[in-house]
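Participant: I would like to see how this sequence folds:
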Amino acid sequence: MTGKTLSTDSRYQSTFMPIFEKAETRIKVLIVTALLLMWSETYLRARIIKEINEVEKRIGKDKADYINGLRFSANRFILLFYKPQVKSFQKQKKELASFGIKVKTPNELINLSKKKLPHSYSEAEKMWKEAKGAVRVQDYSKQLKQKMAQLAQTPAVTHEKGKHSISLWQKAEIDVRYDHQMKMLEDAKKEGDLYWISSHPDASKRCAPWQGKLVSLTEHAINPKMQVRKEGRFWVYSLPDIMAKKDKYGYTNNIICGFNCRHHLIKFDGQLPPKHYDAEDVKKQREIEQNIRAMERAIRNKKQDLKMLLVQNNGKKDISKTKKEIDNMIERYKSYCEANGYAWEQYRIEV
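Facilitator: Residues are numbered from 1 along each chain as shown. Okay, here's the model as predicted:
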């Protein structure tokens, strides 16, 4: 389907960004597998390191921030999900052992609650059943599924000094867009110094105050409003000063250089500023864009959830239900994009 796109360079992003999404998914699958089969933490970490090293080979040494983010996130996943669940399993295992029931892995524990006690079971085993031990195992199984769903919903994030963590997917989008914008800026400087900043109705809140303004690409301002001078009847603002402002999270996240900013520069030849959109237009388009991005994240998360269930391999009803949910979510996503004139992009919903 053709239409407007929220992506800067879909062809490049479709090869670059999924690398991290797929690596994140594989790391999560390794953690779930380690939980179900009771791999040692040492072996799990070795498998994860191997996975991250493969990613580093693909993207190169110049993308160290992404590799650091993967390492940081993998360790975070282990601390939040693997270690607490191992501890919970060891507790269940110890209780079962006191009744003469031996289990080696959570998979065995989950399967135990589904079986009927044969007549050959010992009195201790019957006591365990009567003591509602099976109910506790069922609770453990339910808790494990909940933890796997939480793991699927928890993104791999950046870990950069002085900056608020964002998902690796967000960082990839930001970096691709930033490179594109800086090239546009350097090309513009060769043609002149004064430019209008374009306007569009789905401008972000950070960009909205500056779109449609006349800016100098090189001059700095003295006053707080970043005005450089007057050009006829128009004020000229300092684009370098605007772009240098940092947000509360430590990012230079402003117009032209900001997160996924799609504004461009229009050479000033004395003409009037580009069309200004009213607040209602801006609000409507911003909501559409936010909804599309939220739908894409939800689909990727649900697909990761499905992979967690497939690793467990003993919840056929849950697997079937999740597959149907994914199909329905994708149909709603495509329909919403098409209804609002946007192209839907397959790579953005893959894991």
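Participant: if you average pLDDT over stretch 264-273, what comes out?
Facilitator: The average pLDDT for stretch 264-273 rounds to 86.
Participant: do the same with stretch 235-244
Facilitator: For stretch 235-244, the mean pLDDT works out to 90.
Participant: Also stretch 218-228?
Facilitator: The average pLDDT for stretch 218-228 rounds to 82.
Participant: quick one: buried residues of the helix or strand that residue 29 is a member of?
Facilitator: Taking DSSP states H and E as the criterion, residue 29 maps to helix 10-37. Under the neighbour-count criterion of 16 or more other Cβ atoms under 10 Å, helix 10-37 has 13, 16-21, 23-32, 34-36 buried. Quick note: C-beta positions are derived from backbone N, CA and C, even for glycine.
Participant: Is my assumption valid that residue 263 occupies a position in a helix?
Facilitator: No - membership of residue 263 in a helix is not supported by DSSP: H, G, I helix; E, B strand; the rest coil, which gives coil.
Participant: Hmm, it is touching residue 204, no?
Facilitator: No - between residue 263 and residue 204 there is no contact under Cβ atoms under 8 Å: 9.6 Å.
Participant: And the strands in the chain, which stretches?
Facilitator: 194-197, 214-216, 227-231, 234-238, 265-267 (DSSP state E).
Participant: Residues contacting the fourth one, please?
Facilitator: For strand 234-238, the external contacting residues (Cβ atoms under 8 Å, 6 or more residues apart in numbering) are 194, 210, 213-216, 219-221, 225-230, 273.
Participant: which one among those residues gets closest to residue 72?
Facilitator: residue 210 (33.5 Å; Cβ to Cβ).
Participant: what about that closest one, distance to residue 254?
Facilitator: 7 Å (Cβ to Cβ, to the nearest Å).
Participant: what's the overlap in contacts for those two?
Facilitator: Contacts common to residue 210 and residue 254, judged by Cβ under 8 Å, 6+ apart, are residue 242.
Participant: Outline the domain layout of this structure.
Facilitator: 10-153, 168-198+200-276, 283-349 (automatic domain parsing).
Participant: I'd like those domains as a markdown table, with distance to residue 162 appended.
Facilitator: As requested, the domains of the chain are exported to a markdown table (distance: least, Cβ to Cβ, whole Å):
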| stretch | distance to residue 162 |
| --- | --- |
| domain 10-153 | 13 |
| domain 168-198+200-276 | 5 |
| domain 283-349 | 26 |
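Participant: Check the ones you listed for me: which has the lowest mean pLDDT.
Facilitator: In terms of average pLDDT, domain 10-153 trails the rest of these, at a mean of 80.
Participant: Where do the helices of this protein begin and end?
Facilitator: Taking DSSP state H as the criterion, the chain carries its helices at 10-37, 41-59, 64-77, 83-97, 106-112, 123-130, 133-153, 168-189, 239-244, 279-312, 316-339.
Participant: if we can go back for a sec, of the contacts of strand 234-238, which is the most crowded?
Facilitator: Ranked by neighbour count (other Cβ atoms under 10 Å), these have residue 215 at the top, with 27 neighbours.
Participant: Just give the nearest non-adjacent residue to that one, would you?
Facilitator: Using Cβ to Cβ, 6 or more residues apart in numbering and skipping residues adjacent in sequence, the residue nearest residue 215 is residue 239, 4.1 Å away.
Participant: Could I get the contacting residues of that neighbour?
Facilitator: Shown in contact with residue 239 (Cβ under 8 Å, 6+ apart): 195, 197, 215-217, 256.
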